[in-house]
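Asker: Model the following, please.
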Amino acid sequence: MPDPVDAYRVLQVDPEAEDEVIRAAYRRLARKYHPDLTSSGEAAERMAAINAAWELIGKPAARAAYDRGRAASRPSSPPETVSRDWTSGRSTQGGGFDASMRAPDGPGAAGPPPGRPSGSVLNFGRYSGWSLGEIARKDLDYIEWLDRSPIGRTYREEIDALLRATGRRRSADAESTSRRGLFRRR
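Answerer: Okay, the predicted model is just below:
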């Protein structure tokens, strides 16, 4: 019996990927391997595999059924040896998402929070579980990075207050008087 096709591997996406990511991957691969656009003989075979994978995981209901079947057929223990496809140099085992790769629940890479929380508590990144005040006492550069990044938008007011309190940001009045623009009076 031939090995079942791994639709996630064919579409080159992670099994935990969102539906929009899978749709975008399908469209990208379909443009790349469509037989009308590519003259190679391999393109038709590849496009057939891409379409078959799309049928398996393209719609949320079909994807849920595919995932249930995939989980039921997965062995309980990992294989002892890893076989290799020596023509491409790649392993034929593994790939995709593995539950052991998920970060453990609880504190992030920075460890548990030191105590004396103040402000909002982050639920992402290396300081997961820490409050903004605790992070500011330990790593002010991270607070400045968070201020510049889109993920920190929800914390803008708190970050601004922390940076002003530590002297890393001046007040708006001081900034406007010290700036000299092209058309400002000197």
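Asker: What lies in contact with stretch 7-27?
Answerer: Outside stretch 7-27, the residues within contact range by Cβ atoms under 8 Å, 6 or more residues apart in numbering are 29, 49-50, 52-54, 56-58, 60, 63, 66-67, 70, 95-97. Placement of C-beta: from N, CA and C, glycine included.
Asker: Mind giving me the PyMOL select for those, buried ones only?
Answerer: Applying 16 or more other Cβ atoms under 10 Å to the contacts of stretch 7-27, the buried members can be selected in PyMOL as follows:
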select buried, resi 29+49+50+53+54+56+57+58+63+66+70
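Asker: From the contacts of stretch 7-27, which land in helices?
Answerer: Per DSSP state H, helices hold the following members of the contacts of stretch 7-27: 29, 49-50, 52-54, 56-57, 60, 63, 66-67, 70.
Asker: Tell me which two in the residues you listed are the farthest apart.
Answerer: The span of the ones in helices among the contacts of stretch 7-27, defined through Cβ to Cβ, is set by Ala49 and Pro60 at 21.4 Å.
Asker: ok, and for stretch 152-160, which residues are buried?
Answerer: Those would be Gly152, Tyr155, Glu158, Ile159, for stretch 152-160 by 16+ other Cβ under 10 Å.
Asker: Please export the C-alpha coordinates of it as CSV.
Answerer: This file holds the C-alpha atoms of stretch 152-160, laid out as CSV (Å, rounded to 0.1, in the frame of the first residue of the first chain):
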residue,chain,number,x,y,z
GLY,A,152,3.5,47.0,21.3
ARG,A,153,0.8,49.4,20.1
THR,A,154,-1.7,48.3,22.7
TYR,A,155,0.8,49.3,25.4
ARG,A,156,1.9,52.7,23.9
GLU,A,157,0.7,54.9,26.9
GLU,A,158,2.4,52.7,29.5
ILE,A,159,5.6,52.4,27.5
ASP,A,160,5.6,56.1,26.9
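Asker: what does it contact?
Answerer: Contacts of stretch 152-160 (Cβ under 8 Å, 6+ apart): Gly119, Ser120, Leu132, Ile143, Trp145, Leu146, Asp147, Arg169.
Asker: Check stretch 120-130 too.
Answerer: By Cβ under 8 Å, 6+ apart, the residues outside stretch 120-130 that reach it are 106-110, 112-114, 117, 131-132, 134-135, 139, 142, 151, 154-155, 158.
Asker: circling back: how about the buried residues of stretch 152-160, which pair is most distant?
Answerer: Gly152 and Glu158 (9.5 Å).
Asker: Can you tell me the SS state at Asp160?
Answerer: Three-state call for Asp160 (DSSP: H, G, I helix; E, B strand; the rest coil): helix.
Asker: Relative to Ala72, how far out is it?
Answerer: For Asp160, the distance to Ala72 equals 52 Å [Cβ to Cβ, to the nearest Å].
Asker: least confident pick among the contacts of stretch 152-160?
Answerer: In terms of pLDDT, Arg169 ranks lowest among the contacts of stretch 152-160, with 82.
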